[in-house]
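Undergrad: Dropping the sequence and predicted coords here.
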Amino acid sequence: MATARVSILLVVAAGILFGTAGTAQALGPSATTPVGVGILRIQVGAVALLLAMPMLGRSPRRLVALWRTPAMLVTAACAAVYQLCFFWGVAQVGVALGTLLAVGSEPAFAGLLGWVALGHRPTRGWLLATIVCVVGLLLRFAGSGVGDAGSASGLGVVLALGAGLCSAGYTVAAKVQLERGVTALEVPAGSFVLGGLLLLPLLLGQPLAWVVEPSGLALALYLGVATMAIANVLLTRGIHGLAPGPTATLMLTDPVVATLLGVVVLGEALPPLAAVGVALVLGGLVLQGVIVARDQPGDMEPVPVL
């Protein structure tokens, strides 16, 4: 099992890759749709992982057996439903508020699910670091304007929170599989292949002419290979050495990187209040990393049947 410090670095690296997705999409063809991009992202990631498995000494045939386990079904369902909840939720309440609800709720959901399913009791250090990060997120989005929260649809709010729950559920179910000997390559590979198949009927209703354009093909490959396949292998490897709550909190590297790229690459403005929010999130991430590295866990508690 990776040490806590290595696990921290792996999760943060995954968060950095996740944070590049929005900028990559903004630089892609204008004909893309959020749902189409989201579904292609998971499907290209699945193909990339399937191709990588034989090169890394793993047989794709093993995935068939894993699909019979409840934990793998949970990660596949969470990976698929996340795409629908997030992009549909964002369409209902707006990008800023939808992202805030989805990303901000994930650490709380992960901490609770990890406590219930795995017996990993939340610590005061995790709670403090998470509060700092979430307050920073609130300031970051409030400083840039999250729209009129009073006009946000109840369905959109529920969907955005559902995305946060799906992401947390994936983390906890992945942790269960890792503790049972499933590799950090097999967890996302099995999840994305099955999840991508579940979303295939929905993809057929999306405009896909942009994919044959050079910039469209580059976008699909980058999002699928870098921000899904590689990022999730790094994340899953990092999950092995961390509890779900701290993992989700460290993943808040994602919106920080997305914000910085938006300013540097896309020329977006960063008002003073939003800048303070980003600084707070960074402070919370450093605090969480220091706490986890200081309190290196011993052997994880036995994982119950799921």
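TA: Received it, and whenever you're ready, just let me know what you need.
Undergrad: my guess is T259 contacts P271, does it?
TA: No - T259 is beyond contact range of P271, at 11.4 Å (criterion: Cβ atoms under 8 Å). Just so you know, the C-beta spots here come from the backbone N, C-alpha and C atoms, and that holds for glycine as well.
Undergrad: neighbour count winner among the two?
TA: T259 (22 against 13; other Cβ atoms under 10 Å).
Undergrad: Next up, the contacts around the more buried one.
TA: R140, L270, A274, V278 (Cβ atoms under 8 Å, 6 or more residues apart in numbering).
Undergrad: if I pick the closest residue to the first one other than its chain neighbours, what's in contact with it?
TA: Once flanking residues are discounted, R140 sits nearest to G277: 3.1 Å by Cβ to Cβ, 6 or more residues apart in numbering. Contacts for G277 (Cβ under 8 Å, 6+ apart) come out as V135, G136, L137, L138, L139, R140, F141, A142, G143.
Undergrad: Equivalent analysis for A79, please.
TA: I42, C166, Y170, S191, F192, G195.
Undergrad: Low-confidence bits of the stretch 151-300 of the chain, can you list those?
TA: 151-152, 296-300 (pLDDT under 70).
Undergrad: now do 80
TA: 151-153, 295-300 (pLDDT under 80).
Undergrad: all helices in it, in order from the N-terminus.
TA: For the stretch 151-300 of the chain, helices defined by DSSP state H, counting those that start in this stretch occupy the ranges 154-179, 186-203, 214-221, 231-239, 244-250, 253-264, 272-294.
Undergrad: a markdown table for the ones you listed, including distance to T32?
TA: Formatted as a markdown table, the helices of the stretch 151-300 of the chain follow (distance: least, Cβ to Cβ, whole Å):
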| stretch | distance to T32 |
| --- | --- |
| helix 154-179 | 19 |
| helix 186-203 | 13 |
| helix 214-221 | 7 |
| helix 231-239 | 20 |
| helix 244-250 | 28 |
| helix 253-264 | 17 |
| helix 272-294 | 26 |
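Undergrad: Could you single out the most deeply buried of the ones you listed?
TA: Highest mean neighbour count of those: helix 244-250, a mean of 31 (counted as mean count of other Cβ atoms under 10 Å).
Undergrad: which residues are contacting stretch 159-172?
TA: Contacts of stretch 159-172 (Cβ under 8 Å, 6+ apart): 74-75, 78-79, 81-82, 85-86, 88-90, 92-93, 97-99, 101-110, 113-114, 117-118, 191, 239, 244, 247-248.
Undergrad: if you set the cut-off to 6 Å instead, what comes out?
TA: 75, 78, 81-82, 85-86, 88-89, 98, 101-102, 105-106, 109-110, 113-114, 117, 244, 247-248 (Cβ atoms under 6 Å, 6 or more residues apart in numbering).
Undergrad: same thing with stretch 129-137?
TA: Against stretch 129-137 from outside (Cβ under 6 Å, 6+ apart): G104, P107, T249, L252, G277, L280, V281, G283, G284, L287, Q288.
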